[in-house]
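Student: got a predicted structure plus its sequence, pasted below:
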Amino acid sequence: MPTIGVERDLLFGALGKRYTDEQFDELCFEFGLELDEVTSEKNLIAREQGSDKAEDASETTVYKIEVPANRYDLLCLEGLVRGLLVFKEKIEAPRYRRVEPKAGDPQQLIIKPATGTVRPHAVAAVLRNIKFTKESYNSFIDLQDKLHHNICRKRSLVAIGTHDLDTIQGPFIYDAQPPANIKFRPLGQTKEYSAVELMELYSGDSHLRHYLPIIRDKPVYPIIYDSRGVVLSMPPIINGDHSKITLNTKNVFIECTATDLTKAKIVLDTLVGLFSEYSADKYSIELAEVTRPDGSIVQYPELSYRHEIVAVEQVNKRLGINESAESMARLLTKMCLSSEVIEGGSKLKVEVPPTRADVLHACDIIEDVAIAHGYNNIQKTIPKTNCFSKQFPINKVTDLLRQDIAAAGFTEVLTFALCSRDDVGDKLRKTIEGAHAVHIANPKTAEFQIARTTLLPGILKTISSNRKMPLPLKLFEMSDIVKQDKEKDVGARNHRYFCAVNYNKTPGFEVIHGLLDRTMQLLEIPPGQGQEGYYIRDAQDPTFFPGRCAEVMVSGRPVGRLGVLHPEVLTKFDLNMPCAALEIDLGAVV
């Protein structure tokens, strides 16, 4: 979970009350947070960079507070103080308002079609008549950094740009251009650089180098400039120096470019909501118009309030408490979720503000009731339902079989559940279409493209990596494989398979056949072609050598195969000795 650092004196000043460390730790717990550490800037720098770097650092006490990962509204001092004051019922939750400009037309951000190949989305807003102090300015910058590392996923999903509106002239253009055509003076630099030069310049920067791969290999880079051609930013890397905000900035233009429009809306609503308290017209945010490539115009920020209906009885039942509807509404209001009692006290109408993007479902509201009620105040009770657990039959049989297969001289291996398409297709002399495999939509490597449909490739790759070990290599695995199944709600089904391979100077078909007989003996399945017996019959399978393959039949149904592997299969797995293999579906046998 993210951790924020706030100066104790600033925090207590904003809260209007001083606490001991123990008292504030208790307050954090009551609010669902955790006071992680009491330290100072000097101690932090000494620990991270060495004591010689910390000589001139401040010794002001700093609270390191751990915040839930989805509570973006608590990632800065302003949001934390606002939440605690509402929780202590000292103030009411603010009402955020989107307003029209008092003079002239709204600021415009025009998205060009070329951005579709890099970062297709953008949103914008304006904070008017802001009054920054040194502390609030630092908090504003720090919040952007926290959002970048949290919901923005290190700027890969969303990148925030903040600009002094009085230094630039709209309408603003969001375009994508070849790197050689982009040239501007980046933040903190004294001369202009091309985009190509910036990539080289920031490759050694400890902070910015991590964001370069997001666009480095793209044919065009995103760029935002104003009506006079002044560059505001090259997202997601760096802002322009011309429009940088300072302590004297009065009007802030905020733009967020993104690959995920929903995340961009959340980030914008959070940022403007938390810092609109510094506007002359408190909690009001001036709208901006974004013109999309198709010509449609959308106004941001959305700042939309929505309502959820929860049943009082259901909340009490889930938490094991007994609160009235009125009391429950008060608890939720303390969590910045304004609530009212409806339908004669049986339900609550809960209003979710734009800064509470973490509330997705009724269960999130129930969680806030639990926090406001106090986890320590929930009585411990013995469940009314007694349940007796037991192992799944297939798991119990698998655990028992493992020991006896190992006693037969085989070594168990555990291989990856994902493999490449070639592993179950070309390398086994089969087509991938016939494997009914579940494919990964966005595989990160060629080694993990599908869920395995057979255990054989994993064992063969294990043998290939251990070819120098003394022969024979007798390996087995009992694990799940995955195949498509249209009858399942998820479209796939797990099957428990047992696979064994004998790798030696001779194939050792008799070794594998003997292992099959021992396995059936352990499963109490007698040999024979009757309704309860097992037998093997000739089969043709491209993975096995012609004439050296048999199908395992149990109760008249095929449950697996055994035989000598085809030389081409061995070659594709870099093996130079013959192999005999057995693979059966334990689920079909047990």
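Tutor: Sure, I can see it.

Student: drop to CA atoms for contacts and neighbour counts, all remaining ones
Tutor: Noted.

Student: which parts of the stretch 301-450 of the chain are helices?
Tutor: Counting by DSSP state H, counting those that start in this stretch, the stretch 301-450 of the chain has helices at residues 312-319, 325-334, 362-373, 393-407, 421-424.

Student: show me what contacts the nearest residue to residue 92 once chain neighbours are set aside?
Tutor: In space, and not counting its chain neighbours, residue 92 is closest to residue 86: 5.7 Å by CA to CA, 6 or more residues apart in numbering. Applying CA atoms under 8 Å, 6 or more residues apart in numbering, one finds that residue 86 lies in contact with 92-93, 333-336.

Student: for this protein, which spans come out with low pLDDT?
Tutor: Along the chain, the model assigns pLDDT under 70 to residues 44-57.

Student: if we go to 80?
Tutor: Scanning the chain for pLDDT under 80 picks out the ranges 1, 40-59, 383-385, 530-531.

Student: so the residue most central in space within it: helix, strand or coil?
Tutor: By CA atoms, centre = their mean, the chain has its centre lying nearest to residue 153, at 8.4 Å. Following DSSP: H, G, I helix; E, B strand; the rest coil, residue 153 is assigned to coil.

Student: from residue 444, how far out is it?
Tutor: 17 Å (CA to CA, to the nearest Å).

Student: and for residue 571?
Tutor: Remark: distance between residue 571 and residue 444 (CA to CA) = 26 Å.

Student: so between those two, which is more surrounded?
Tutor: Each of residue 571 and residue 444 has its neighbours counted (other CA atoms under 10 Å); residue 571 has more, 12 against 9.

Student: need the contact partners of the helix or strand where that one lies.
Tutor: Per DSSP states H and E: residue 571 is located in helix 567-572. Here helix 567-572 makes contact (CA under 8 Å, 6+ apart) with 427-429, 543, 545, 576-579.

Student: what are the buried residues along it?
Tutor: Neighbour counts over helix 567-572 (16 or more other CA atoms under 10 Å) mark 567-570 as buried.

Student: looking at the residues you listed, which is nearest residue 124?
Tutor: Using CA to CA, residue 569 is the member of those that sits closest to residue 124, with 58.0 Å.

Student: run a quick neighbour tally on the residue nearest to residue 171 when sequence neighbours are not counted.
Tutor: Of all residues not flanking residue 171 in the chain, residue 108 sits nearest, at 4.8 Å (CA to CA, 6+ apart). Residue 108 has 21 neighbouring residues, counting by other CA under 10 Å.

Student: likewise for residue 384?
Tutor: 6.

Student: so which of the helices of the stretch 301-450 of the chain is the most surrounded?
Tutor: Stretch with highest mean neighbour count among the helices of the stretch 301-450 of the chain: helix 421-424 (a mean of 23; mean count of other CA atoms under 10 Å).

Student: residue contacts, the closest residue to residue 422 other than its chain neighbours?
Tutor: Spatial nearest neighbour of residue 422, chain neighbours left out: residue 432 (7.6 Å); criterion: CA to CA, 6+ apart. Neighbour list for residue 432: 421-422, 424-426 [criterion: CA under 8 Å, 6+ apart].

Student: switch the cut-off to 10 Å
Tutor: Contact analysis of residue 432 by CA atoms under 10 Å, 6 or more residues apart in numbering lists 421-426.

Student: could you dump those to TSV with distance to residue 549?
Tutor: TSV is the format used below for the contacts of residue 432 (distance: CA to CA, whole Å):
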residue	distance to residue 549
421	24
422	22
423	20
424	18
425	18
426	19
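
Student: my guess is the residue nearest to residue 171 meets residue 172, correct?
Tutor: Yes - using CA atoms under 10 Å, residue 108 is in contact with residue 172, at 6.0 Å.

Student: hey, what's in contact with both of the two?
Tutor: By CA under 10 Å, 6+ apart, the residues touching both residue 108 and residue 172 are 226, 290.

Student: kindly format the C-alpha coordinates of stretch 560-580 as CSV.
Tutor: Only the C-alpha atoms of stretch 560-580 are listed here, as CSV (Å, rounded to 0.1, in the frame of the first residue of the first chain):
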residue,chain,number,x,y,z
GLY,A,560,-4.9,-41.8,-21.9
ARG,A,561,-2.0,-43.0,-24.0
LEU,A,562,1.4,-44.6,-23.7
GLY,A,563,4.2,-45.4,-26.1
VAL,A,564,7.6,-44.5,-27.5
LEU,A,565,8.0,-40.9,-28.5
HIS,A,566,8.6,-40.1,-32.2
PRO,A,567,12.3,-39.1,-33.0
GLU,A,568,11.2,-35.7,-34.4
VAL,A,569,9.6,-34.9,-31.0
LEU,A,570,12.8,-35.7,-29.2
THR,A,571,14.8,-33.6,-31.7
LYS,A,572,12.6,-30.6,-31.2
PHE,A,573,13.1,-30.8,-27.4
ASP,A,574,16.9,-31.2,-27.8
LEU,A,575,17.0,-34.8,-26.6
ASN,A,576,19.3,-37.4,-28.1
MET,A,577,18.1,-40.5,-26.3
PRO,A,578,14.8,-42.5,-26.8
CYS,A,579,11.9,-41.9,-24.5
ALA,A,580,8.8,-43.8,-23.5
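
Student: which positions within it qualify as buried?
Tutor: For stretch 560-580, burial by neighbour count (16+ other CA under 10 Å) applies to 560-570, 573, 575, 578-580.

Student: ok, stretch 512-520 next?
Tutor: 512-513, 515-517, 519-520.

Student: what's the closest of the residues you listed to residue 21?
Tutor: residue 519 (64.5 Å).

Student: right, and the secondary structure at that closest one would be what?
Tutor: Under three-state DSSP, residue 519 falls in the helix class.

Student: what's the spacing between it and residue 479?
Tutor: Per CA to CA, residue 519 is found 16 Å from residue 479.

Student: same check, this time on residue 575
Tutor: 23 Å.

Student: what of residue 202?
Tutor: Following CA to CA, the distance that separates residue 202 from residue 479 is 47 Å.

Student: more crowded one of the two?
Tutor: Neighbour totals were compared for residue 202 and residue 479, and residue 479 leads with 21 against 17 (other CA under 10 Å).

Student: pretty sure that one contacts residue 495?
Tutor: Yes - counting by CA under 10 Å, residue 479 touches residue 495, with 8.2 Å between them.

Student: what touches both of these two?
Tutor: 454, 586.

Student: including distance to residue 41, could the buried residues of helix 567-572 go into CSV?
Tutor: Putting these into CSV (distance: CA to CA, whole Å) gives the following:
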residue, distance to residue 41
567, 67
568, 65
569, 62
570, 62
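
Student: still on that earlier bit, of the buried residues of stretch 560-580, closest to residue 589?
Tutor: So of the buried residues of stretch 560-580, ranked by how close each gets to residue 589 (CA to CA), first place is residue 560, at 9.9 Å.

Student: can you count the residues close to residue 205?
Tutor: Residue 205: 10 neighbours (other CA under 10 Å).
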